[in-house]
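Enquirer: Prediction below, plus the sequence it came from.
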Amino acid sequence: MKINKIYIRPAAAGVLALILFLSGCGEQVKGQNIPLPEVAVVTIKPRQLVITTELAGRTSANRIAEVRPQVGGIVQKRLFTEGSDVQAGQVLFQIDPALYQAALDNAKATLARSEAQLSTLQLRADRMRELLADQAVSRQDYDDAAAALKQAQADIQYAKATVETARINLEYTSIKAPISGRIGKSNITEGALVTAHQPAALATILQLDPIYVDVPQSTAELLRLENRLRDGLLYRRNGIHSKVHLLMEDNTGYPWDGTLQFRDVTVDPTTGSVILRIIFPNPRGILLPGMFVRAVVEEGVNPEAILIPQQAVSRDPKGNPLALIVDKENKVRQLMPALDRAIGSEWLVSSGIAPGDRIIVEGVQKIRPGATVKVVPFTATGDKNNGNNISPTSVKAD
């Protein structure tokens, strides 16, 4: 029995020591302070925002004139340089005027002959009137003389019209520019036979300063804009004639701003869009007809725009946007904001987020809704200030 007691006591002591050790470890874990997860937030501050829409379109000439002959004949000369600027009234082509000059001379001779006969018939009619009063001639003789006088007067009027027609046709042998602008290539050369009012144009003149830019806008976008203006979410600074900025094909900005001239009154049934016509100054001839450009059209101004960084928004399996905010008790809450459009690296929020909300931008991977967190201000890369302090006067919508 003594031997058993000697071996039992050391075993009980070992078990007791193990229990005491584990108990001490438990008290140490229980008393340890676990740090709260840290998140970077942006405090929402409304700001004034100029809402713009980028629309693709093409340029078109302000005025187009197709040069055609109004009389037929052989072209003797071409009096312009292809691709140059011409002025209204400048002679472009010269048609052989010989036949038209002869027609004018013939008409003038006919007029002179009619005028020479008029004086003789006038004197004869006056004598017949006097003799009729003395009953020296018959009434029939007087009537014949008066009719001959009227016939001569009518012949003179006809001859004058013939002269004027011949003079106009002679002038038409010098084909002139109807408008000022830039003329393209010539479709004929010297020696070519042309006819009056032929369907093929001899050349085309384009007036390029100012120049038009026609861009289509969908009716859905048009209705959305009208609803936002009606609800007071937007207002126009400059009325309907808003300033428009232009981006060229190489993504460079055009140096002059344009003005929205009008919106078409019909909808294209194939595209469901209306045409916006914008007029731009073009003093250097940079814009040419048919060029592809992008017009940045100002829709209006949102005086209380709410913008949040795009990285603060995630999506649920159905594609609905989700955002996490920190409430006054530093607890995480989940919201479903309604997003209007992307503005640069931010989302324009139409509803679901209020001014003063603290949106979590970084640290969302280690938190859940309802968790208590530690809040630090969000610092964008390369920016030492809060990312929401940026307040541009004009922002372009993507």
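Expert: In hand now; what should we look at?
Enquirer: alpha carbons only for contacts and neighbour counts from here, please
Expert: Fine.
Enquirer: Wait, residue 110 touches residue 159, no?
Expert: Yes: the pair residue 110 / residue 159 is scored as a contact, 6.2 Å apart, by C-alpha atoms under 8 Å.
Enquirer: Which other helices and strands does whichever strand or helix holds residue 262 contact?
Expert: Using DSSP states H and E, residue 262 falls within strand 258-263. Applying 3 or more C-alpha pairs under 8 Å, 6 or more residues apart in numbering; DSSP states H and E, one finds that strand 258-263 contacts strand 243-247, strand 273-280.
Enquirer: angle of the strand ranked longest in the chain against strand 273-280?
Expert: In the chain, taking DSSP state E as the definition, the longest strand is strand 47-67. Here the directions of strand 47-67 and strand 273-280 differ by 80 degrees (axes from the mean of the first three to the mean of the last three C-alpha atoms, to 10 degrees).
Enquirer: Residue 362 contacts residue 312, doesn't it?
Expert: Yes: counting by C-alpha under 8 Å, residue 362 touches residue 312, with 7.4 Å between them.
Enquirer: neighbour count winner among the two?
Expert: Using other C-alpha atoms under 10 Å, the more surrounded residue of residue 362 and residue 312 is residue 312, with 21 against 18.
Enquirer: any chance you could read off phi and psi for the more buried one?
Expert: Main-chain torsions, residue 312, degrees, to the nearest 10: phi -80, psi 0.
Enquirer: mind checking which helix or strand of this structure has the lowest mean pLDDT?
Expert: Sorting the helices and strands of the chain by mean pLDDT, DSSP states H and E puts strand 395-396 at the bottom, at a mean of 42.
Enquirer: Point out where the stretch 201-350 of the chain drops to low pLDDT.
Expert: Low-confidence segments of the stretch 201-350 of the chain (pLDDT under 70): 225-226, 228-242.
Enquirer: what domains does the record give for the protein?
Expert: Listed by automatic domain parsing, the domain ranges of the chain are 38-51+304-396, 52-61+208-300, 69-95+176-200, 98-172.
Enquirer: For burial, what's the neighbour tally of residue 363?
Expert: As a burial measure, residue 363 scores 14 neighbours (other C-alpha under 10 Å).
Enquirer: now do residue 351
Expert: Residue 351 is flanked by 12 other residues according to other C-alpha under 10 Å.
Enquirer: Tell me how far it lies from residue 87.
Expert: Using C-alpha to C-alpha, to the nearest Å, residue 351 is found at 58 Å from residue 87.
Enquirer: Start and end of stretch 78-85, how far apart?
Expert: OK, stretch 78-85 end separation, C-alpha to C-alpha: 15 Å.
Enquirer: Not counting its own residues, what contacts that stretch?
Expert: When contacts are defined by C-alpha atoms under 8 Å, 6 or more residues apart in numbering, stretch 78-85 is touched by residues 86, 91-94, 180-186, 189-190.
Enquirer: Tell me which entries of those residues lie within strands.
Expert: Per DSSP E, the contacts of stretch 78-85 map to strands at 86, 91, 92, 93, 94, 181, 182, 183.
Enquirer: contacting residues around the first one?
Expert: Okay, so that is residue 86. So residue 86 contacts 80, 177, 180, 181, 182, 183 (C-alpha under 8 Å, 6+ apart).
Enquirer: Could you rerun that using 7 Å?
Expert: Residues counted as contacts of residue 86 (C-alpha atoms under 7 Å, 6 or more residues apart in numbering) are 180, 181, 182, 183.
Enquirer: Tell me the one of those nearest residue 260?
Expert: residue 181 (22.9 Å; C-alpha to C-alpha).
Enquirer: Now that closest one: closest residue in space, sequence neighbours ignored.
Expert: Excluding the flanking residues, the one nearest residue 181 by C-alpha to C-alpha, 6 or more residues apart in numbering is residue 207, at 4.3 Å.
Enquirer: what's around that neighbour, how many residues?
Expert: Counted with other C-alpha under 10 Å, residues neighbouring residue 207 total 20.
Enquirer: element containing it, please.
Expert: Applying DSSP H and E as the criterion places residue 207 in strand 203-218.
Enquirer: what angle do that strand and strand 258-263 make?
Expert: Using the same axes, to 10 degrees: strand 203-218 against strand 258-263 is 80 degrees.
Enquirer: What helices and strands are in contact with strand 203-218?
Expert: Applying 3 or more C-alpha pairs under 7 Å, 6 or more residues apart in numbering; DSSP states H and E, we find strand 203-218 packed against strand 47-67, strand 181-183, strand 273-280.
Enquirer: Relative to residue 366, which of these is closest?
Expert: So among the helices and strands packed on strand 203-218, strand 47-67 is nearest, using C-alpha to C-alpha, at 31.1 Å.
Enquirer: so how far is whichever helix or strand comes after the closest one off the chain centroid?
Expert: For strand 47-67, the following helix or strand on the C-terminal side (DSSP H and E) is strand 73-78. On the basis of C-alpha atoms, centre = their mean, to the nearest Å, strand 73-78 sits 42 Å off its chain's mean C-alpha point.
Enquirer: if we can go back for a sec, among the helices and strands packed on strand 258-263, which comes closest to residue 70?
Expert: strand 273-280 (32.7 Å).
Enquirer: still on that earlier bit, need the helices and strands packed on strand 203-218 in CSV with mean neighbour count and distance to residue 166, can you?
Expert: Conversion of the helices and strands packed on strand 203-218 to CSV gives the following (neighbours: other C-alpha atoms under 10 Å; distance: least, C-alpha to C-alpha, whole Å):
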stretch, mean neighbour count, distance to residue 166
strand 47-67, 19, 21
strand 181-183, 23, 29
strand 273-280, 21, 43
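Enquirer: Tell me which of those lies nearest to residue 288.
Expert: strand 47-67 (6.8 Å).
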